[in-house]
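# Generate a structure from the sequence data that follows.
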Amino acid sequence: MSRLVPLAAVLCLLPALGACGSGEEGDVKSAVDRLYAGFAERDAAKVCGSLTRAQQQRVAKGGSGNSGRSQSCRQVMGFALGFVGDALKDAKKAKVRKVEVDGSRAMATVDYKGKPGRLGLAKENGDWKVADFDLNKL
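Numbers count the residues shown, from 1 in each chain. Okay, the predicted model is just below:
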């Protein structure tokens, strides 16, 4: 059962993919775009590099399940991405419809395959990173 958690982590992020823009809004969109480029390319390092440190820890913890073994975000995502095959190849086609920036926090509203979703972001060391998504959504 614990092997399903990493797959859910990948799939629950699908509603959020960005496009380029300008200023803070554009930077947020670019951060979302980098994340989903990682999904489309099945690149666990790129996906995890797009997440805040806290989100990386949540992904890693979710992938550990009941095994008690500590795993990294890259290990969990690599495992999950290995299961999705070509299912994420179109991830780059998602569209950010709205970005709300409030200081060092942002929310992106995104459409992917006709389904809306929201993705929370935070500034970490001057860069926008994905900070918020629900691992148990699916």
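
# Tell me the helices and strands packed up against the longest strand seen in the chain.
Scanning the chain for the longest strand, with DSSP state E as the assignment, gives strand 115-124. Contact here means 3 or more CB pairs under 8 Å, 6 or more residues apart in numbering; DSSP states H and E; on that basis strand 115-124 packs against helix 23-40, strand 105-112, strand 127-132. All C-beta atoms are positioned from the backbone trio N, CA, C, and that covers glycine.

# so how far is stretch 38-58 off the chain centroid?
6 Å (CA atoms, centre = their mean, to the nearest Å).

# Report the buried residues of it.
Buried residues in stretch 38-58, counted by 16 or more other CB atoms under 10 Å: 38-44, 46-52, 55-56, 58.

# In helices, which of the residues you listed appear?
Mapping these onto helices (DSSP state H) picks out G38, F39, A40, A44, K46, V47, C48, G49, Q55, Q56, R58.

# Turn the residues you listed into JSON lines, including distance to R69 and pLDDT.
Below are these laid out as JSON lines (distance: CB to CB, whole Å; pLDDT from 0 to 100):
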{"residue": "G38", "distance to R69": "24", "pLDDT": "89"}
{"residue": "F39", "distance to R69": "25", "pLDDT": "88"}
{"residue": "A40", "distance to R69": "29", "pLDDT": "89"}
{"residue": "A44", "distance to R69": "17", "pLDDT": "95"}
{"residue": "K46", "distance to R69": "24", "pLDDT": "95"}
{"residue": "V47", "distance to R69": "20", "pLDDT": "93"}
{"residue": "C48", "distance to R69": "18", "pLDDT": "96"}
{"residue": "G49", "distance to R69": "23", "pLDDT": "96"}
{"residue": "Q55", "distance to R69": "20", "pLDDT": "94"}
{"residue": "Q56", "distance to R69": "17", "pLDDT": "94"}
{"residue": "R58", "distance to R69": "17", "pLDDT": "90"}
